[in-house]
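> Give me the fold of what follows.
(3 chains)
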Amino acid sequence: MYNIPAPYFNLDYTLDCGQVFRWNLEDEWWHGVVKGEIVHAFHDRENETLILDSKLPKDYLHTYFRLDDDLPFIFSDIDKDPYIHEAISKYSGMRLILQEPWECLISYMLATASNIPRIKKSIERMSRLLGDDLGDGFYSFPKPKSLASCYNEELCECKMGFRARRIVQAAQMVVDKEFDLTAPYEMDYADAKQYLMTIEGIGDKVADCVLLFAYDKMEAFPVDTHVEKIVRQYYSDSFKGPYAKAKMSKWGHSYFGKYCGYAQQYLFYQLRLEGALGTGI
DNA sequence: AGCCAGGCGGTCA
DNA sequence: TGACCGCATGGC
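Residues are numbered from 1 along each chain as shown, chains lettered A, B, ... in the order given. Okay, the predicted model is just below:
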């Protein structure tokens, strides 16, 4: 059991904001599986302490929850207008999470043209089927080898639809060492993005999510349909054509600066919770 | 019931 | 760097 000082932190927002899919809240404790281990987490707000029960090393979890990110500084840096100001004020304490690349990559490939409840279910089914049994109803995220060898067994199609083939293929690339999951750590944002997009099924948006959530490339600004709507309504409707989202992504970086990844996640979460646009400000 | 989902890749002009 | 389509299927 670890007690970690965690000022400027909100565990609920952090785990609920749609960046991770394997955490569930039950009786004020969050329960999840990270890097093949069960983690139980409780936020003692009075004492600004994060209480964690897990076999994982304390420093790993500290890094996972990005507790070294200087949130007040990041807020002051991205606080460019009333709309983002509202988001960072209301949901202050939401932190990005530094995920394992393999799980993040597959999860976001699976997320294409889907929705969060469905993504969670699909990952849960897949883990139950192909991951290790950790006890108490927890299962690890399937390893590349398990996913690579299951396409013809109909099992793997855990309601993944057209995504199944791409995911199995990506797993095969990792198994065959055609794709090196550690390589993007050493690359800059642009190179790492290009490298990720050599995988079929990874385009601009999925690549940006993986770069932001797993490879610590804070300058990534993922633009999905929600962020696209926000940008159009509150910032500029001048982005046209099939590459509109890619243009918005570049705009996001230049507008919000080096911590635009944080800005993106706050905007995304605000819209997801509050639904219809136009109720804010 | 019917639209849309944390998209991508391909095609046609 | 424009406009459209098919992909599979669940949420709401």
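> Give me the neighbour count for residue A:61.
20 (other C-beta atoms under 10 Å). (C-beta placed from N, C-alpha, C; glycine too.)
> Next: the one 4 residues further on.
Here the number of neighbours of residue A:65 (other C-beta under 10 Å) works out to 22.
> Residue A:148 too?
20.
> Touching, it and residue A:179? I think so.
No. Taking contacts as C-beta atoms under 8 Å, residue A:148 lies outside contact range of residue A:179: 11.5 Å.
> and the gap between residue A:131 and residue A:216?
25 Å (C-beta to C-beta, to the nearest Å).
> if you skip the residues just before and after it, what's nearest to residue A:151?
Once flanking residues are discounted, residue A:151 sits nearest to residue A:168: 4.2 Å by C-beta to C-beta, 6 or more residues apart in numbering.
> Give me the packing partners of the helix or strand containing the one you found, helices and strands only.
Taking DSSP states H and E as the definition, one finds residue A:168 inside helix A:163-175. In terms of contacts (3 or more C-beta pairs under 8 Å, 6 or more residues apart in numbering; DSSP states H and E), helix A:163-175 is packed against helix A:101-110, helix A:144-148.
> can you rerun that using 10 Å?
Counting contacts by 3 or more C-beta pairs under 10 Å, 6 or more residues apart in numbering; DSSP states H and E, helix A:163-175 is packed against helix A:101-110, helix A:116-130, helix A:144-148.
> moving C-terminal of that helix, what's the next helix or strand?
helix A:183-186.
> immediately after that next one, which helix or strand?
Trace forward from helix A:183-186 with DSSP H and E and the next one is helix A:189-196.
> now that following helix: mean pLDDT?
Mean per-residue pLDDT for helix A:189-196: 98.
> Return the set of buried residues in it.
A:189, A:192, A:193, A:195, A:196 (16 or more other C-beta atoms under 10 Å).
> Might one say that the last one is in contact with residue A:206?
I take that to be residue A:196. Yes. Counting by C-beta atoms under 10 Å, residue A:206 is a contact partner of residue A:196 at 7.8 Å.
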